Structure formats: C-alpha cells, structure tokens
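[1] Pasted the sequence and its predicted model underneath.
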Amino acid sequence: MRDTLKRWSNNGFSIVTWDTHKIDSLGKSIIGYTLRDKGKIIFTGEDFHCSPMHAIDGLETIEAILSFLTLKIGDTDREYFEDYAPEQLEWSSSSRCDELQMIRMMMQERLEKQAR
C-alpha cells in the first residue's frame, strides 16, 4: 500500500505523490508520483530524488517534480527523452504541457516570495 504524501490539482492537471520508503546514496528520499491531465495518466514513476531542503510532502517538491515532467525537446539533452512513450513525447510538445509549465513557473514565483 502506498503512503500518499501530497495531492495537488490545478486546471485539469493533478499530481499525487507517495513515499517509496527508499533513500538514495546521498540521503535523499525517493518519491513516487503520478501526473494526470484531465484524468489521463501522462507520467508515473518512483524515481524523484527529493531535495533535502524541501519537505517530501511540500509544494516545493510538487514544483520540482513538475519542473522535470514539463521539459520539452530543446530544454535539455535529447537522451533525456529516450524512454518516453510516443504519447508522452506528443504531450510534451502540446499546449497543455505549455500551460502546466506556466502554472509551475507561477508556483515557483509564489514559493520564492514566501521564502523571503
């Protein structure tokens, strides 16, 4: 059974995170996640290594996960996308991905203001 850490949603997007109860060699908690767009699963995995500066159930962690799930070809090396399914590649070049990227950037700005 998964220990849900956080549920977040905005404009048809939702993400659920859970604790994998694993720690990497640097002492970072490894978090599982599922990203949905209008109910359809886009990404799911158990490979996010949470920053030790953020709570594993905090919005900072959601923002960090979204930062890599909204990467597009051209944002990073092409090898990053080698394991993407065709549907994931299509979604990553869609206007919905652009929209989620903007939501994430606004979230990041709010979190940075709160931290000051």
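    Structure's in. What do you need? The model shown is predicted, which means the values in this text are computed figures rather than measured ones.
[2] make it CA atoms for all contacts and neighbour counts henceforth
    Fine.
[3] Pairing partners for the closest residue to Gly58 other than its chain neighbours in the sheet, please.
    Closest residue to Gly58 apart from its sequence neighbours, by CA to CA, 6 or more residues apart in numbering: Lys6 at 7.4 Å. Using DSSP bridges, the bridge partners assigned to Lys6 are Thr17.
[4] Lys6 reaches Glu60, doesn't it?
    No: between Lys6 and Glu60 there is no contact, the gap being 11.1 Å when judged by CA atoms under 8 Å.
[5] quick one: the helices in the chain?
    Ranges of helices in the chain, per DSSP state H, are 59-69, 86-92, 95-115.
[6] Quick one, which of those helices gets closest to Met53.
    helix 59-69 (9.2 Å; CA to CA).
[7] what's the angle between that closest one and helix 95-115?
    Counting by axes from the mean of the first three to the mean of the last three CA atoms, to 10 degrees, helix 59-69 lies at 150 degrees to helix 95-115.
[8] Check which residues of helix 59-69 are buried.
    59-66, 69 (16 or more other CA atoms under 10 Å).
[9] now swap in stretch 33-45 and tell me
    Neighbour-count burial for stretch 33-45 [16+ other CA under 10 Å]: 33-37, 42.
[10] how long is that stretch end to end?
    This stretch, stretch 33-45, spans 6 Å end to end (CA to CA, to the nearest Å).
[11] Next: stretch 6-26.
    The straight-line separation of the ends of stretch 6-26 (CA to CA) is 23 Å.
[12] list the buried ones in that stretch?
    Those would be 6, 13-20, for stretch 6-26 by 16+ other CA under 10 Å.
[13] need the contact list for Ser51.
    Ser51 makes contact with 28-29, 61 under the criterion CA atoms under 8 Å, 6 or more residues apart in numbering.
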